[in-house]
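# Make a model of this:
(one chain, ligands or ions: 1)
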Amino acid sequence: MKREHLIKPLLNHHYPKISFGKGVFLYDDQGKAYLDASSGAVTAGIGHGVQEIIDAMQEQASKVSFVYRSQFTSEPAEELAKRLSDLAPGNDYWSFFVNSGSEATETAMKIAIQHWQEKGRPSKYKVLSRRMSYHGITLGALSMSGHFTRRRRFVPLLEDFPLVAPPYCYRCPMKLDPTACGQSCANDLETVIKRIGSEHIAAFIAEPIIGAAGGAVVPPDGYYERIMEICKRHEILFIADEVMTGIARTGTMFGMEHWGVQPDIIALGKGLSAGYTPMAATLAKDHVLEPILNGSKLVMSGHTYSANPLSAAVALAVLDYIEDQQLVKAAEDKGHYLRAALTKMSEGHEIIGDVRGKGLLAGLEFVADRQTKEPFPASKSLTTKLVERAFSKGLLIYPAAGGVDGEGDAIIIAPPFTISTEEIDLLVERLSEAITEVSQEVLG
Ligand code: PLP
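The predicted structure is shown next:
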């Protein structure tokens, strides 16, 4: 075995080396171009190599890159917190900066637990989430995740937090007709709350649109209104995990804007710094922070690099760029174009069961039989084959789990908001070719 030193997700797998990126393309050291139709891990929302961000980074680095958050604050961190509060649904949020989406959701969990402790209710510590969900890879975040494959090896170390039914109309988890179900998946939250007892529950966490655990699953209208009403009535904080949907991705700055929801706590990551530096944030409403401010005055969380001025300056530059280039609108408009093209393409591919999403967060789910929606057996490894085939054609797509318990196949298409319609056409053409070839393999 050749001696190697870098641990990669798949050990001994050959990963090309990337030399540089520009716009929606990445180029490896052999000169091959990859159309980045997934913005990496739904992260590089404004595309690669944007000069304005590089300039902002250089300017901040020439002043100061790091200060320790327990000793100092900085102009970029203060400004970013103010900016996010102004942008977030309903405003009036405090920001706590971290470095990854997992840290942001885990901090959200800790703030929710601390909120109830400071209010003299320490037994409220469980966090409910949905069976189809992914909130991060650290043990606290995994405890809140329903993503079976990412959880299973660590189950003995995870908190046994209860899971509720997801709003997955394509394959209703309650086996009901979505046009006449009476929001039964939302009502499942109340059923679980009553079983556990609201005196033991700190919060409910949900992704506005289910990402890696479902492939851009959009809930039906009225779902979040019902969820909010249930949470309020049972004194349970609502955490929106906007790590994937946040910062323009779905055609609104925050995913929850589609349903007029003002979450108590919001987790952000990925698109916040669009991949230029690690940066994530947990936003908490005034009323969530108040008991802590009135009590210990100490938020029990934080990492060495939290709120570092360099990453804060980058996130500010990303927000400026999104505003200057009107990229929220671009994500909405290009999203319509992309989904129309994917829907048209799906007519020629029997194995595509569903095309869905919002803005530039689109999902495709694959089935062995369109009528019965029967998934392919796991042994066919359809998603893996498709991602690999697309990769070989110079197209980057993001694998997702399909089905309530990850038993199906789905992918996410989430290119940078700067993608042109010609580039979307190229994306769909390469994807269609990859699907044709993989269909022959799995059906043949
Ligand atoms: N939450 C959601 C919705 C995500 O999609 C992800 C990552 O895919 C995370 C949290 C974890 O973020 P990170 O990988 O930056 O830790």
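# all helices for the stretch 51-200 of the chain, in order.
Using DSSP state H, counting those that start in this stretch, the helices found in the stretch 51-200 of the chain span residues 51-63, 75-87, 101-118, 139-143, 148-151, 184-196.
# closest to A390 out of the ones you listed?
helix 148-151 (20.4 Å; C-beta to C-beta). C-betas here are computed from N, CA, C, even on glycine.
# on that earlier part again, relative to K8, which of the helices of the stretch 51-200 of the chain is closest?
Proximity of those to K8 was assessed by C-beta to C-beta; the nearest stretch is helix 148-151, lying at 17.1 Å.
# hmm, back to that, for the helices of the stretch 51-200 of the chain, which one sits closest to the ligand?
The ligand sits nearest to helix 101-118 of all the helices of the stretch 51-200 of the chain, at 2.2 Å, using C-beta to the nearest ligand atom.
# For W259, give me phi and psi.
The phi and psi values for W259, taken as degrees, to the nearest 10, are phi -120, psi 10.
# circling back: least confident of the helices of the stretch 51-200 of the chain, on average?
For those, the weakest mean pLDDT is recorded on helix 148-151, namely a mean of 86.
# Tell me the helices and strands packed up against it.
Under the contact criterion of 3 or more C-beta pairs under 8 Å, 6 or more residues apart in numbering; DSSP states H and E, the helices and strands touching helix 148-151 comprise an empty set.
# Any buried residues in it, and which?
F148, R150, R151 (16 or more other C-beta atoms under 10 Å).
# on that earlier part again, which of the helices of the stretch 51-200 of the chain has the highest mean neighbour count?
Mean neighbour count, computed with mean count of other C-beta atoms under 10 Å, is highest for helix 101-118 among the helices of the stretch 51-200 of the chain, reaching a mean of 25.
# That one and the ligand in contact?
Yes - on the criterion C-beta under 6 Å from any ligand atom, helix 101-118 is in touch with the ligand at G101, S102, T105.
# coming back round to it: can you add distance to P220 and give the helices of the stretch 51-200 of the chain back as JSON lines?
As requested, the helices of the stretch 51-200 of the chain are arranged in JSON lines below (distance: least, C-beta to C-beta, whole Å):
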{"stretch": "helix 51-63", "distance to P220": "37"}
{"stretch": "helix 75-87", "distance to P220": "26"}
{"stretch": "helix 101-118", "distance to P220": "24"}
{"stretch": "helix 139-143", "distance to P220": "27"}
{"stretch": "helix 148-151", "distance to P220": "24"}
{"stretch": "helix 184-196", "distance to P220": "9"}
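# Those: which one's closest to R249?
Nearest to R249, of all those, is helix 101-118, at 12.8 Å by C-beta to C-beta.
# What is the closest one packed up against?
In terms of contact count using 3+ C-beta pairs under 8 Å, 6+ apart, helix 101-118 is assigned the packing partners strand 93-98, helix 139-143, strand 201-206, strand 237-241, strand 265-268, strand 280-285, helix 286-294.
# before we move on, the earlier item: going by distance to K17, which of the buried residues of helix 148-151 wins?
Set against K17, the nearest of those by C-beta to C-beta is R150 (26.7 Å).
# in terms of contact, does the closest one touch Y134 like I think?
Yes - applying C-beta atoms under 8 Å, one finds R150 in contact with Y134, separated by 6.7 Å.
# Compute the distance between the nearest residue to K358 once chain neighbours are set aside and H258, please.
Taking C-beta to C-beta, 6 or more residues apart in numbering, and ignoring the residues beside it in sequence, K358 has T250 as its nearest neighbour in space, at 4.3 Å. T250 sits 7 Å away from H258 when distances are taken as C-beta to C-beta, to the nearest Å.
# Need the overlap of contacts for those two.
Shared contacts of T250 and H258 (C-beta atoms under 8 Å, 6 or more residues apart in numbering): P208, K358.
# Would you reformat the buried residues of helix 148-151 as JSON lines and include distance to F20?
Formatted as JSON lines, those follow (distance: C-beta to C-beta, whole Å):
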{"residue": "F148", "distance to F20": "37"}
{"residue": "R150", "distance to F20": "31"}
{"residue": "R151", "distance to F20": "36"}
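# pull the longest helix from the protein.
For the chain, the helix with the greatest residue count under DSSP state H is helix 421-443.
# So for the closest residue in space to D425 that isn't next to it in sequence, what's the pLDDT?
The spatial neighbour of D425 that comes closest, neighbours along the chain excluded (C-beta to C-beta, 6+ apart), is A341 at 7.0 Å. Each residue has a pLDDT score; the one for A341 is 98.
# number of nearby residues for A341?
Residues within reach of A341, counting by other C-beta atoms under 10 Å, total 21.
# With Y34 instead?
When neighbours are defined as other C-beta under 10 Å, Y34 has 19 of them.
# In which helix or strand does it reside?
Applying DSSP states H and E as the criterion places Y34 in strand 33-36.
# Can you dump the C-alpha atoms of that strand in CSV for me?
Once side chains and other backbone atoms are set aside, the C-alpha atoms of strand 33-36 remain, and they are given as CSV (Å, rounded to 0.1, in the frame of the first residue of the first chain):
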residue,chain,number,x,y,z
ALA,A,33,-13.0,21.3,-15.6
TYR,A,34,-15.9,20.3,-13.3
LEU,A,35,-19.2,22.2,-13.4
ASP,A,36,-19.9,22.6,-9.7
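# Give me the distance from it to the chain's centre.
From the chain centre to the centre of strand 33-36 is a distance of 21 Å (C-alpha atoms, centre = their mean, to the nearest Å).
# Okay, the residue nearest to K358 and the ligand: tell me how far apart.
When distances are taken as C-beta to the nearest ligand atom, to the nearest Å, T250 and the ligand turn out to be 12 Å apart.
# what's around that residue, how many residues?
Using other C-beta under 10 Å, T250 has 29 other residues around it.
# Begin at 6 from now on, thanks
Noted, 6 is the first residue going forward, which turns the last one into T255.
# what are the phi and psi angles of the closest residue to the ligand within the stretch 156-305 of the chain?
Closest contact between the stretch 156-305 of the chain and the ligand, by C-beta to the nearest ligand atom, is at V248 (3.5 Å). In terms of degrees, to the nearest 10, the main-chain angles of V248 are phi -60, psi -40.
# And the pLDDT for it?
You'll see V248 listed with a pLDDT of 98.
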